[in-house]
Each structure stands twice: as C-alpha cells, then as structure tokens.
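J.: how does the following fold in three dimensions:
(one chain, ligands or ions: 2)
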Amino acid sequence: MAPSATDTQPQTATTDRVLVKPWSRPAPTSEDLDWAPLVKIDLSRFDEPGGKQELAKQLYDAVTKVGFWVVVNSGIEDDRVLKQFSLGNTFFKEPLEEKSRFPCNFPKGEYFGYRDASRWIGDTGVKENIEMLNIPKAIPAYKDEGRHEIVKAHYDEIAKFHRDVWEKVARKLFVLIAIILELPENYLADAHAYDENSDDHLRYMIYNVRTQDEWDRAQAYSKGGHTDFGSLTLLFSQHVAGLQIRTPEGAWKWVKPVEGGITCNAADTLTFLTKGFVKSTVHRVVTPPKDQLNIPRLGLLYFSRPGDKTPMKPVPSPLLERLGLLTEEDKNDSTEAVTGTQYVRARVKDVHDKKVLDKREGTSFEFKGLKVQNYYE
Ligand SMILES: O=C(O)CCC(=O)C(=O)O
Ligand SMILES: [Fe+2]
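T.: Ligands and ions are numbered 1, 2, ... in the order given. Next comes the predicted model:
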C-alpha cells in the first residue's frame, strides 16, 4: 500500500523537531603535556603500488609494541565528521526521557543504545560523567534496533558515515595488520566484515563537565586504566585532552589531537586472535588540563568487534607460527571456540551490568579460556 499523508507526517515532524546546531572543535590545550609519540599512517597511500606494504611496515611497531597510532587522510571529508559530532552534541542535549527510550541492555551484554551517567563511582559520592549512544551497523540485521528521534531523522547520513568508517579506515587497518601477519590480505577484514552480524558500533560519547573536586574524588578512587574489548577502536580527533596511554616502559603519556586525524588502538579480541602478538594497550581518561576543565568532552568513535561467525581461535599466521606462538590445539580446526559476539557480550555484561562502579584492582575477567586483566594502576 502506498504511504498516505498521515503515514509520512510524523517523520517530517520528527525531522523538524530536533534542530541540529553546527558544533565546532574547541581549541586544543595550551599546556605543554607529556605527549605520546605516535606514528602517523597516511591512508591516501594505501592504493598506490606497494603502498600497503610500506604502510604495513610503518604500522608494525605501533601494532605490536605501542598499541596506538594515528590515521590521516582517511578520505572521509571533515564536514561529514563534524556533522556526526553535531548530531552527537544535539542528542546529548535531548531530554533524559528521550535519551532513555532505548537503553543498553547490559544484563544481556548488549551495548547498542544509550548509556546514561547514573552510576556511582564506588563510595565517593560522585557519579560517572559519561553518556554515550552506540549505533549498530547499518545492515538489515539491526533494522529493528531502537532508533532515537535524531538518529531516525538523519539515518541515511549516519548509515553512510558508519559504513564509510569501516570501509575507509577499519578495513584498511585490518588489511595492513593481515600483511604484517603474512595472512591473505582480506583475512582479518573478512573476520570483521561489515555485512556480517557483530556488535560493532559508532559511538557518540560525552564526558560532562564536572568540578576539579569531583574529578579529584573520582580519580582518587580509580583512574580507570583499561583495555578495549573488541578488535579496533577508532577515535576521531579529540581536542579536549584527557586520554593517556601506558607506554611499554610503564609511563602514562597524553594523546595529542591531530586535526582531521583518527587515533586508533588495537584491543583485546585482536590480541586473543594473535596470541598476544598484537598489543591491546592500557589507556585511561583523566582530568583534562585546567584550560579545558569547563569544556564538555564530546567524542566520536567507532568500535570494531569480531562477530557471530568469527571463532575466537588464533589466526593461521606464518609469522605467529615462526615465532612459536601457535600450539597444536590452536592449529586444530575441529577445536570448539566461542564466537566473537559471545566473548564481547560476556565482557560487556561483566563490566557494565551494575549500579555502582566497583574497584577492580587485582581482578581479571575470564570467559572460556580468554582472560584479561580488569584494571591497571
Ligand atoms: O574518550 C576517549 O578518549 C577514549 C574513551 C575510551 O577509552 C573508551 O571509551 O574505551
Ligand atoms: Fe578505551
């Protein structure tokens, strides 16, 4: 049946109701912080003859030792990136009632939807200051996931951006890492394919402003050192300092924004798939410098995760084999393994299904033999 005027009207009303004001990046801090030296991967060279091989060489130490690097020239136009920040910014200003329509289903370990800032941090009397909206991949499997008004009203644009981030950045990084591992080029990209079900998401995130005293109390309880759960995390240039990474020597260094760049890190499932060869680096977000303390820290990120069809079994990499990292069991095709989705959901549930954030020093998480430390000082 053709849509009638009444069918289409609510959609129009929705589009009109939420005005998306352009958001612009705040000025970077003028403080001279101890910045982490991160390698820059210029993705405009990816399709040049020999380009991928050259970039893979540049990425080797970042992926195996540092765990973090920066991508530049992704080919995603900056006005599209800024539009996503603007949508995120507008979303967080919506009434709590609207934001809470589709909350993350933490009892099931599902991370799609809205995460509010209602959790207490231990016994500090301070609450978390983070809100986020996690948007699933734009594939038919997720067409029935709840969509907030603003997402509905801008869905085509969000969907195109979502896929482009995977296609132009995540996919290429998986190819470079596969080259490093001497695997067929598309091996890891296929294991994280956009068109397959997985808990990948585009994330709008905000660290709301809080006072120095609140930051101090929260940070005295925990500085929140952690590793990410999935395979790759992409952070669009974040101009409010706060993110720190732990170097191989154990020092904390700040991550500097790179105009138009994307800060990337490898995460736990990629470490599992490579028997620890790819490094999931410990990082945390701490009190921003004084000149940025009053700026809401709006973030735009993409999380890539192995999905329903990807077994959490080490990849058949000739390099890992030569390094002696693969056991007979790893090489045995008939060994049962959990899927990426099963692992990631168990991890999300363990970390997030609670009302009070607990101190997790000295504890670890384990699911079917896959083990990670929970907290890092
Ligand atoms: O906001 C950031 O800079 C990083 C956030 C982060 O580490 C995370 O969401 O896992
Ligand atoms: Fe993280």
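
J.: what about the strands in the stretch 1-150 of the chain?
T.: With strands called from DSSP state E, counting those that start in this stretch, the stretch 1-150 of the chain shows them at 40-42, 68-72, 113-115, 120-121, 130-136.

J.: buried sites along the longest one?
T.: Buried residues in strand 130-136, defined by neighbour count with 16 or more other Cβ atoms under 10 Å: 130, 131, 132, 133, 134, 135, 136. The C-beta positions use only the backbone N, C-alpha and C, and glycine is treated the same way.

J.: that one pairs with which strands?
T.: In the sheet, strand 130-136 lines up against strand 113-115 (antiparallel), strand 201-207 (antiparallel) (DSSP bridges).

J.: is any residue of it near ligand 1?
T.: No: Strand 130-136 lies out of reach of ligand 1 by Cβ under 6 Å from any ligand atom, never closer than 7.7 Å.

J.: what sits up against that strand?
T.: Contact with strand 130-136 is made by 88, 91-92, 99, 104, 111-117, 142, 145, 148, 151, 158, 162, 199-208, 303, as judged by Cβ atoms under 8 Å, 6 or more residues apart in numbering.

J.: low-confidence ranges, the protein, go.
T.: 1-16 (pLDDT under 70).

J.: any idea which residue of it lies closest to ligand 1?
T.: For the chain, the residue closest to ligand 1 is residue 243, as judged by Cβ to the nearest ligand atom, at 3.6 Å.

J.: okay, the closest residue in space to that residue that isn't next to it in sequence and residue 67: tell me how far apart.
T.: The shortest distance from residue 243 to any non-neighbouring residue, by Cβ to Cβ, 6 or more residues apart in numbering, is to residue 255 (4.3 Å). Going from residue 255 to residue 67 by Cβ to Cβ, to the nearest Å gives 11 Å.

J.: before we move on, what about residue 235?
T.: Distance of residue 235 to residue 67, computed by Cβ to Cβ: 13 Å.

J.: overlap in contacts of those two?
T.: Taking Cβ under 8 Å, 6+ apart as the contact definition, residue 235 and residue 67 share the neighbouring residues residue 265.

J.: return the distance of whichever strand or helix holds residue 157 from the chain's centre.
T.: According to DSSP states H and E, residue 157 maps onto helix 155-165. From the chain centre to the centre of helix 155-165 is a distance of 16 Å (Cα atoms, centre = their mean, to the nearest Å).

J.: kindly report the same for stretch 333-352.
T.: 17 Å.

J.: for that stretch, which outside residues touch it?
T.: Residues contacting stretch 333-352 (Cβ under 8 Å, 6+ apart): 104, 106-111, 115, 191, 197-199, 229-231, 268-269, 272, 305-313, 329, 365, 367-368, 370, 372, 374.

J.: could you flag which of those are buried?
T.: 104, 106, 109-111, 115, 191, 197-199, 229-231, 268-269, 272, 305-307, 310-313, 365, 367, 370, 372, 374.

J.: so which of those sit within helices?
T.: Under the assignment DSSP state H, the buried ones among the contacts of stretch 333-352 contribute 191, 268, 269, 272 to helices.

J.: and which of the residues you listed is nearest residue 213?
T.: residue 268 (33.7 Å; Cβ to Cβ).

J.: excluding covalently adjacent residues, which one is nearest to that closest one?
T.: Nearest to residue 268 is residue 280, by Cβ to Cβ, 6+ apart, at 4.8 Å.

J.: got a list of what that neighbour touches?
T.: Listed by Cβ under 8 Å, 6+ apart, the contact set of residue 280 reads 67, 227, 228, 265, 266, 267, 268, 270, 271, 372.

J.: any chance of the residues you listed in CSV, plus distance to residue 18?
T.: Output for those, formatted as CSV (distance: Cβ to Cβ, whole Å):
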residue, distance to residue 18
67, 38
227, 35
228, 30
265, 32
266, 36
267, 33
268, 36
270, 37
271, 40
372, 39
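
J.: pull the most distant pair out of these.
T.: Top of the distance list for these (Cβ to Cβ): 265 and 372, 14.5 Å.

J.: which bits of this protein sit near ligand 1?
T.: With the criterion set to Cβ under 6 Å from any ligand atom, the chain comes near ligand 1 through 205, 228, 235, 238, 243, 283, 285, 299.

J.: one more time with 5 Å, if that's ok
T.: Residues of the chain lying near ligand 1 by Cβ under 5 Å from any ligand atom: 243, 299.

J.: before we move on, back to that, surely the residue of the chain closest to ligand 1 touches residue 282?
T.: No: Residue 243 lies out of contact with residue 282 (Cβ atoms under 8 Å); the separation is 11.8 Å.

J.: among the two, which residue is more densely surrounded?
T.: residue 243 (23 against 20; other Cβ atoms under 10 Å).

J.: tell me which residues touch the closest residue to residue 276 other than its chain neighbours, please.
T.: Counting by Cβ to Cβ, 6+ apart, residue 325 is the residue found nearest to residue 276 once chain neighbours are left out, at 7.2 Å. Listed by Cβ under 8 Å, 6+ apart, the contact set of residue 325 reads 274, 275, 276, 277, 314.

J.: filter the residues you listed down to the buried ones.
T.: 274, 275, 277, 314.

J.: pull the most distant pair out of these.
T.: 277 and 314 (9.3 Å).

J.: show me the helices in this protein, by range?
T.: Counting by DSSP H, the helices of the chain are 5-17, 51-61, 78-92, 96-99, 149-153, 155-165, 171-180, 187-191, 212-221, 268-273, 318-322, 328-331, 340-352.
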